Structure formats: C-alpha cells, structure tokens
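A.B. asks: Only the shape, not the letters, is given here:
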C-alpha cells in the first residue's frame, strides 16, 4: 500500500510544486486515529510518530493496529554526539530513534515476561527503514525463528521516522500554511522529475558529466543544511559507528525497561498464550549463557556492515549476530564501492537458461527456443528501445510517458537480480510486451486527487543513504569527470551492469560530499599487519551468503568471516541478494539452531591464508523461477526440523524484501512502476 501511495503522489509532483497554494490546503492532517476513543475507556493506537513523546527510557505504546494487535512503538532519546552525553547538559543535541516491536507470545503487562534480549533487525540500505520492514514482516520473522522472540525494527539515525531526519530539502513552512515536510517533499520531487531522461553513466557522451553535476548540487544542498543546523546537525553524526552505538543504547534501555516493573500502557491481554518456540524466557534465564545485555540481531545487506561494526566496537556485547548478504567492509569504505557486482552477470545469464527451461511458462519464450535464441531476441528488443524509446499514455491520468533502455536496465533488469524467483517472470513479461510494442498495455498511473488536497505520507523520503554512505568513506570521492570515467571503466571490466552500479548514491552520489563526520569511519584495513589479531566476540557470528549474489558476493562473506574469531559461514546454493531470495529448509534450520539453541556451524576451513577455497557448510536451494519449490526436505538437524509455517514465514520475508528492493531500483516517474510493484506483490501473495 505504501509504495502504491507514493506512486500516486509522484505523478503530480511537478505541477503541485509550482502551484502549492492551489494544490495543498495547508490544513493539519488528521492524526492520532484511535481504535477506540479514550472516552470509551479504550487505549489510543498511535499512527503518527511525531505524536509519540520521546524519552531516554523505553516507553512502549500500542500502535499501527492495521498491521496487527501486537505492535508497540517507542521513541528512544540518545545522544547525537556520544562525546557529549545527555546527562551533561540538557542543551546537548539529541536523536530520537523510532522503534516498533512485535511482542512474543506469553507477554503480559509485566516487562519481566519479555525476552532477555529482543531480536533487532535491519533491512539494509544504507538508509533502509527497519520500522517499515518490521511492520510488514515481523510476523514472518516470528514464524521462522519462533514466537518466543520479541522483534524490534528500528530506523537508524537520520532514517525514516527517527528524528532529526536527514532531509537535505528541508524547508520552512510555506506562507500559506503548507507544512515544511510537504514543501520539502514536493521540492524533492520537482528535482527528481527534472533529472529524468539523463539515463545511466554511459548513456551518452554527456551523461556522466550531467549526473556528476547533479550529485554535486545535492551534496551542496546537504552541506548548506548541515551549516544551518550547526552543532545540532545530524549530517555530522550519521556514520555507521554512531548507529552501532545506538544499538547498544537500545540493548541497555531494554535491560533497564525489563527490570523497571513499568506497566506497558495497553488494554488487558487476558490469558497469555504460551510460546511455541524452543525456549521460554524463564528457561533462558536458567541457561548458562545468558543473553541479557547482549545484542541479538539479524542484518541484511548494509545491515551486515552495521552488525560487523557493532561486533568490532563492542565484541563483548555480542549475543547472536546473523549477517545475511555480507558487505565487504574494506571495499565499502573506499571512495567507490568496487568488486561488489562480480556475480551480477552470472545471475543475469541464468535468466535466459531458466526461461528456456520453463518454455511456455516464460512469456518471452518462443517454441523451440534455447537460451541463445532468447538472448538474441533480448538484444533485438533492447536495441529497439535504445533507438526509439517507447511512448505510453497513462490511462488513468492522460499523462504521457516514455520507457527507455536505461529505464529497464536499471529499474527492472538489475532490480530483478536481487530476487530472481520473483523478478525473472516480471522481466520476461516486460520484454514480451516491449518486443511486441505493447508496453502501453501495462503502463499505469493515477490522478492528482491525492496530491491536490491535504495529505500525509506513511513515511517521507530522506537523504539518509547518501549521508551514511558518504560519511563511512575513509577517503572522500572528489574527482573530475576524467577521474570518474576511469573509475567507471574499472568497474565496467567486470560487469555489464557497471553503469547502473556506478551511478548509485554510495558511489557517484558521494562525489563532492562536503560534510565532515565527527566520528571517523572504521579503519578496517585489508592488510593483516593493520589488524593482526582476530576480533574475539563473546559469541561467534553467523555469516550467510548465496553462491551468487548481485551486490554482495560469496567471496566477501568469506573475507569478512576471516576477521572474527570462530565466525561461521553457511553458503546457500542459490541466486539473489541475501538468503531470503531463495527458500531452503537447510538454511532455516541453521538459523533456528543458531538463534534459539546457540548451535554454531563449524567455521570455514581455508586451504590457504590468501585464497577463499576450502570447506564450510552448504545448503541446497531447489527453487527456480516459474517452478514451484521442490525443496521439501524435512530431516531434523540437531533435533530441529522445519515446518510448513516456518517455510511460509521465510517466503513472506522473501516477498517483502524483494518488493522493497525492486521499488528502490525503480525511477520515481517510471510509467511501469505501478504495474511492476503490483506484479511483484501478486507474485508473492501466497506468502
């Protein structure tokens, strides 16, 4: 629903930003919608984050009942600058972290009935909203790991519902009463619409120059926002070590809350249902290895870098760390993020193989096709779009639109690599429509009614990805066009998708970033003499990786496992970004055994210190696009088996993660966006 609403609003962005007074009526949006009115004795369900009073202690409020009855929200106040603690002065700058919790089974109003350590989740990014991810898929996570877990999604500083927000377009309220966030939102959309049509970094002989100039303009805007905020600027305090410290604050606040005896403000729960997982809270209290005061965490993509940073900074506070789709720390902090898309072309090649195997189930297949025939038809289709972009009229709006080769390569082909089980059938449908010159049949739009009236978005966009990624760089990217071209060509030697990857915010988007981070980036170092000792965590880390991942290859997970003592790694023989891209009973068993029982797979046995060859646990994933899952192996592992409900939970995680990653790749005014989001949702509706 969120993504469809955003698409509806985008279509009217330019018009409304030029005519604010006529379009937006400046009346305060309706807030604090309650399931029951306070006068009737019910408890208010919070639906607007800014209405929740932040506190230095956890105070949970029932919230967002549309997602289920067991969600609670809090805004935790932490130091913006941990060298200036809150208790030193009330004037020291603060950050208010947005947290949402799906409580486990058997919970009462007594905080001591909650888990020793909640399971924190981060969907990646950088800049991804853990709140949004938890709202939609915390219940799926509970199916996977067990309903004895209290699951917390949080928005890192500068992200989503956390405040202050990293919004470089921040503007004062308009003279006609339009809220500052709506002014900023419409200014942002005006800027984005103005940049459409440039294409990718090598789409023309001026594309790189123009994209670089636009990046410099945004970075200049961010620098101005930083200077206007001064010591209270969030842009100076967005590097990953700050967020790692915030996670420690969440862990400490949780411990204090559990021991406080504070009553959670909620209606009576009645008789508590017992948890169905492996261990109850009381059993864990009796365990020799207590998780109290420790971080229990599942991070995806960039979330693995956040988790690894936490483990490096606070190794004695590691309880359970599942790092899935592993970012290479040494490469991520470089001026450009190189070496990450080495698997992308191999995954793309499998599209043609799987389509040929699926035959008529793949809409781009023709009778008698082999993979090579489909490749040739694809090249012909792409050439047609390069020579003559497709023109479409959005039927619900009478707005014209165009679809270019750059659009489909970045938004659809590359996005489909993240989740081939879902993305490949969508790619085939799009190619079939394009080949037959029928793209207009799937173009969809919506009218301006939602924009031309009072509106409040579920979550406003921000510049957190740029702020975090650029702050994390050990050496700034500050190149002229010649230098940028050299860096692009270096990446292009390894992948057809280099023009997509190089234009991303962690790469070209950081060129000319001018805000100094108060906390320097981690100096991971890729040479043994820079970090001779392995990082010894209080509990071994579990790394997870697919055999082929478009942006976080297996080799990076193996490299990162070498940095931590006794770290384990499980390879899932599948395609896509993170193990969520493919459902494997074997992988689920390893995760459940690790999180619930503390059973750690054996660490990799490398054949040499310099090469990632050796032995480590591997799981088979038999899922294929256009083919229902045949991986129904239910043999228990260490007494742990996988139920249909746990498998369904993993499929649900794959559904949401896939839809989020696809939506992030789509251009804001892509006339196929509504269709693609709708297709990705229907493809996973069973989850």
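C.D. replies: All right, it came through fine. If you're wondering where the values come from, they're calculated on a predicted model, not measured in any experiment. Numbers count the residues shown, from 1 in each chain.

A.B. asks: what pLDDT does the residue lying closest to residue 312 once chain neighbours are set aside get?
C.D. replies: Of all residues not flanking residue 312 in the chain, residue 535 sits nearest, at 5.6 Å (Cβ to Cβ, 6 or more residues apart in numbering). Bear in mind the C-beta positions are built from the backbone N, C-alpha and C, glycine included. On pLDDT, residue 535 comes in at 95.

A.B. asks: Can you pull the phi/psi pair for residue 535?
C.D. replies: Dihedral pair for residue 535: phi -80, psi 120, per degrees, to the nearest 10.

A.B. asks: so it touches residue 315, yeah?
C.D. replies: Yes. Taking Cβ atoms under 8 Å as the definition, residue 535 is a contact partner of residue 315 at 5.6 Å.

A.B. asks: tell me the contacts of residue 71?
C.D. replies: 62-65, 100-102, 135, 138 (Cβ atoms under 8 Å, 6 or more residues apart in numbering).

A.B. asks: hmm, try it at 6 Å
C.D. replies: Applying Cβ atoms under 6 Å, 6 or more residues apart in numbering, we find residue 71 in contact with 63-64, 100, 102.

A.B. asks: Most neighbours among the residues you listed, please name it.
C.D. replies: residue 100 (27 neighbours; other Cβ atoms under 10 Å).

A.B. asks: now residue 352, nearest residue through space, not along the chain?
C.D. replies: Among residues not flanking residue 352 along the chain, residue 371 sits closest, at 4.2 Å (Cβ to Cβ, 6+ apart).

A.B. asks: neighbours of that neighbour, just the number please.
C.D. replies: The number of residues near residue 371, taken as other Cβ under 10 Å, comes to 16.

A.B. asks: now it: how far from residue 378?
C.D. replies: 10 Å (Cβ to Cβ, to the nearest Å).

A.B. asks: which stretches of the stretch 251-400 of the chain have low pLDDT?
C.D. replies: Applying pLDDT under 70 to the stretch 251-400 of the chain picks out residues 262-288, 396.

A.B. asks: could you pull out the strands for it?
C.D. replies: Counting by DSSP state E, counting those that start in this stretch, the stretch 251-400 of the chain has strands at residues 295-300, 318-324, 390-394, 399-403.

A.B. asks: Report all helices and strands that the longest one contacts.
C.D. replies: Under the contact criterion of 3 or more Cβ pairs under 6 Å, 6 or more residues apart in numbering; DSSP states H and E, strand 318-324 touches strand 295-300, helix 302-313, strand 542-548.

A.B. asks: Name every strand pairing with the shortest one and say which way it goes.
C.D. replies: Strand pairing for strand 295-300, determined by DSSP bridges: strand 119-122 (parallel), strand 318-324 (parallel).

A.B. asks: want to throw the ones you listed into a markdown table with mean neighbour count and distance to residue 576?
C.D. replies: Formatted as a markdown table, the strands paired with strand 295-300 follow (neighbours: other Cβ atoms under 10 Å; distance: least, Cβ to Cβ, whole Å):
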| stretch | mean neighbour count | distance to residue 576 |
| --- | --- | --- |
| strand 119-122 | 26 | 18 |
| strand 318-324 | 25 | 11 |
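
A.B. asks: that older thread, next, format the strands of the stretch 251-400 of the chain as CSV and append distance to residue 497.
C.D. replies: Converted to CSV, the strands of the stretch 251-400 of the chain look like this (distance: least, Cβ to Cβ, whole Å):
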stretch, distance to residue 497
strand 295-300, 20
strand 318-324, 22
strand 390-394, 21
strand 399-403, 19
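
A.B. asks: Of the ones you listed, which is nearest residue 544?
C.D. replies: strand 318-324 (4.3 Å; Cβ to Cβ).

A.B. asks: Between helix 302-313 and that closest one, find me the angle.
C.D. replies: 150 degrees (axes from the mean of the first three to the mean of the last three Cα atoms, to 10 degrees).

A.B. asks: got the angle for strand 318-324 vs strand 542-548?
C.D. replies: 10 degrees.

A.B. asks: how many neighbours does residue 221 have?
C.D. replies: Residue 221 has 16 nearby residues by other Cβ under 10 Å.

A.B. asks: quick one, strands of the chain?
C.D. replies: Counting by DSSP state E, the chain has strands at residues 61-62, 71-79, 94-102, 119-122, 151-155, 295-300, 318-324, 390-394, 399-403, 542-548, 568-575, 605-606, 614-615, 618-620.

A.B. asks: Which one, of those strands, ends up nearest to residue 345?
C.D. replies: strand 542-548 (9.9 Å).

A.B. asks: if we can go back for a sec, same list (the contacts of residue 71) but as JSON lines, adding pLDDT.
C.D. replies: Converted to JSON lines, the contacts of residue 71 look like this (pLDDT from 0 to 100):
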{"residue": "63", "pLDDT": "91"}
{"residue": "64", "pLDDT": "85"}
{"residue": "100", "pLDDT": "97"}
{"residue": "102", "pLDDT": "96"}
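
A.B. asks: which one of these sits closest to residue 464?
C.D. replies: The closest of these, once distances to residue 464 are taken by Cβ to Cβ, is residue 100, at 17.3 Å.

A.B. asks: wait, that closest one sits on residue 133?
C.D. replies: No. The criterion here is Cβ atoms under 6 Å, and residue 100 misses it with residue 133 at 9.5 Å.

A.B. asks: Mutual contacts of the two, please.
C.D. replies: By Cβ under 6 Å, 6+ apart, the residues touching both residue 100 and residue 133 are residue 153.
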